[in-house]
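Participant: Task: produce atomic coordinates for the following.
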Amino acid sequence: DPQLRRGHTPPGSPADPRPTSRHYLDRTVKFGSPTREEGANTVATAVIVDAVRTPGGKRNGKLSGWHPADLSAIVLNALVERNDLDPALVDDVIMGCVMQTGEQSTNIARNAVMASKLPESVPATSIDRQCGSSQQALHFAAQAVMSGTMDCVIAAGVESMTRVPMGLASSLPAKNGFGHYKSPGIEAKYPNIVFSQFTGAEMMAEKYGLSKDELDEYSYNSHQRAIAATQAGHFKDEIVPVKITRADGSTDTHHIDEGIRFDVSLDGIKGVKLIAENGKLTAASASQICDGASGVMVVNEKGLKALGVKPMARIHHLTMMGGDPVIMLEAPLPATQRALQKAGMSIDDIDLFEVNEAFASVPTAWLKTTGADPARLNVNGGAIALGHPIGCSGAFIATKAIYELQRTGGKYALVTMCIGGGQGIAAIFERL
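Facilitator: A predicted model of the protein is given here:
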């Protein structure tokens, strides 16, 4: 398709005339089963053409005034408007959300579509794979377009942890006499066990021999990297600014992740109180409660031609697996190994890693296990600095990875997350 071809100047070249945006990368697009020799000039049948996110908002912070359906609508509208496409071409919206109660109940995905500029003809469904929800939405979107049953799907995620607090979906019914998720069958299999991410994070630190100093230093570096990335403008193409109204009625535009501590110090992080007595983790080495929304547009060959846009990345591989639900947070480690094995790749083939920073013990244990280069991990900071809006985070970190590949000219990125219930999800993206 001649609309998808144009001369390409290598990133960083003095003759490079492109604006700082996602539109500069062009490739001849061939669909089908790629070979390793064909490399970057070949894409499979699932490609990402755009990815956006809101800036993160702290609990009771700048995004707290936004209903989550309306916050989600911002990213849906941005994906349509930035690509100047007919919104009726969107076949489905798949949206991750964890606390599907209150303002996030009754199919938040469809509610987001109704709040957006998408037509009523666009269907939507909400999914809950805990912290991996919107990365799973991305997997489902890719599988839909690869099957040919759909041509253009938006994978998205949202979580307003201010307006729908973490745990509310289970605690509220239990408090009112409507039971608890831990059934008699589960109790028989896991007697007297309280499944807890906090316990799992401490178990990870103990199992992999991680010291408190290691965890504190990792957390400090997450903020330092997020500060550097923000000041260098690395997030400007992926963030959709959000208009906010203050308590006094004045208005402003929120465009910088609110959780970053620009005055962070290592001594300050080390001085934060432990979460558990005799433990190693603190609030400073855990992800931040956060409000946010994210979205990724996924298409196949037919969708790409219909939209007339250029691809950013192809979805090279998808992996999902289960693990121990008690330690809970460990599954990204074997999921990474499985993804690489199935893709026929080694850890050194990957230019960039995003490992969700639910707690500092997860990426630090991941580094020890994989032997990956620490300089390639969460290079622009992670959830410890930027926040972890749980149902939104999967598409959030995928978005970060895709833009960082474009900025640096890297070829492959691997994105993985730990998930409640002891699951791990991983994807490999190839820059186009």
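Participant: Which element, helix or strand, includes the residue lying closest to residue 307 once chain neighbours are set aside?
Facilitator: Distances taken as C-beta to C-beta, 6 or more residues apart in numbering put residue 85 closest to residue 307, at 5.1 Å, once the chain neighbours are dropped. In this view, the C-beta of every residue, glycine as well, is placed from N, C-alpha and C. Following DSSP states H and E, there is no helix or strand that holds residue 85.
Participant: Contacts only, for residue 85.
Facilitator: For residue 85, the contact set (C-beta atoms under 8 Å, 6 or more residues apart in numbering) comprises 307-309.
Participant: Just to be sure, residue 414 is in a strand?
Facilitator: Yes - under DSSP: H, G, I helix; E, B strand; the rest coil, residue 414 sits within a strand.
Participant: which stretches of the stretch 1-150 of the chain form helices?
Facilitator: With DSSP state H, counting those that start in this stretch as the criterion, the stretch 1-150 of the chain has helices at 68-82, 108-115, 133-147.
Participant: Deepest-packed of the ones you listed, please.
Facilitator: helix 133-147 (a mean of 25; mean count of other C-beta atoms under 10 Å).
Participant: can you give me the strands in the protein?
Facilitator: Remark: strands assigned in the chain by DSSP state E are 47-53, 57-58, 92-96, 124-127, 152-160, 242-245, 251-254, 290-299, 313-322, 352-355, 412-419, 423-431.
Participant: List the buried residues for the fourth one?
Facilitator: Same thing as strand 124-127. For strand 124-127, burial by neighbour count (16 or more other C-beta atoms under 10 Å) applies to 124, 126-127.
Participant: Present those as TSV; the columns should include pLDDT and distance to residue 55.
Facilitator: Output for those, formatted as TSV (pLDDT from 0 to 100; distance: C-beta to C-beta, whole Å):
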residue	pLDDT	distance to residue 55
124	98	24
126	98	23
127	98	24
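Participant: what's the closest of these to residue 240?
Facilitator: Using C-beta to C-beta, residue 124 comes nearest to residue 240 of the buried residues of strand 124-127, at 18.8 Å.
Participant: The closest one contacts residue 92, doesn't it?
Facilitator: Yes - in this structure, residue 124 is within contact of residue 92 by C-beta atoms under 8 Å, at 6.7 Å.
Participant: Residue 188: how many residues sit nearby?
Facilitator: Neighbour count for residue 188, taken as other C-beta atoms under 10 Å: 8.
Participant: go on, residue 57?
Facilitator: By other C-beta under 10 Å, neighbour count at residue 57 equals 28.
Participant: do you know how far the spatially closest residue to it that is not a sequence neighbour is from residue 283?
Facilitator: Closest residue to residue 57 apart from its sequence neighbours, by C-beta to C-beta, 6+ apart: residue 63 at 2.9 Å. Separation of residue 63 from residue 283 (C-beta to C-beta, to the nearest Å) stands at 20 Å.
Participant: same thing with residue 175?
Facilitator: Taken as C-beta to C-beta, the span from residue 175 to residue 283 is 25 Å.
Participant: Those two: which is more packed in?
Facilitator: Taking neighbours as other C-beta under 10 Å, residue 175 and residue 283 compare with residue 283 leading, 15 against 9.
Participant: That one is in contact with residue 271, isn't it?
Facilitator: No - when contacts are counted by C-beta under 8 Å, residue 283 is not listed as touching residue 271 (11.4 Å).
Participant: Just the C-alphas of stretch 303-322, formatted as PDB.
Facilitator: Extracted in PDB, the C-alpha atoms of stretch 303-322 (Å, rounded to 0.1, in the frame of the first residue of the first chain):
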ATOM      1  CA  GLY A 303      -7.900  -2.600   9.800                       C
ATOM      2  CA  LEU A 304      -4.600  -1.000   9.000                       C
ATOM      3  CA  LYS A 305      -5.700  -0.300   5.400                       C
ATOM      4  CA  ALA A 306      -9.100   1.000   6.500                       C
ATOM      5  CA  LEU A 307      -7.600   3.400   9.000                       C
ATOM      6  CA  GLY A 308      -4.900   4.600   6.700                       C
ATOM      7  CA  VAL A 309      -2.400   5.000   9.500                       C
ATOM      8  CA  LYS A 310       1.100   3.700  10.200                       C
ATOM      9  CA  PRO A 311       1.900   0.900  12.600                       C
ATOM     10  CA  MET A 312       4.000   1.600  15.800                       C
ATOM     11  CA  ALA A 313       4.700  -2.000  16.800                       C
ATOM     12  CA  ARG A 314       3.700  -5.600  16.100                       C
ATOM     13  CA  ILE A 315       2.700  -8.000  18.800                       C
ATOM     14  CA  HIS A 316       5.400 -10.600  18.600                       C
ATOM     15  CA  HIS A 317       4.300 -12.900  21.400                       C
ATOM     16  CA  LEU A 318       1.800 -13.300  24.200                       C
ATOM     17  CA  THR A 319       2.100 -15.500  27.300                       C
ATOM     18  CA  MET A 320      -0.200 -16.100  30.300                       C
ATOM     19  CA  MET A 321       0.500 -18.600  33.100                       C
ATOM     20  CA  GLY A 322      -0.500 -19.400  36.700                       C
END
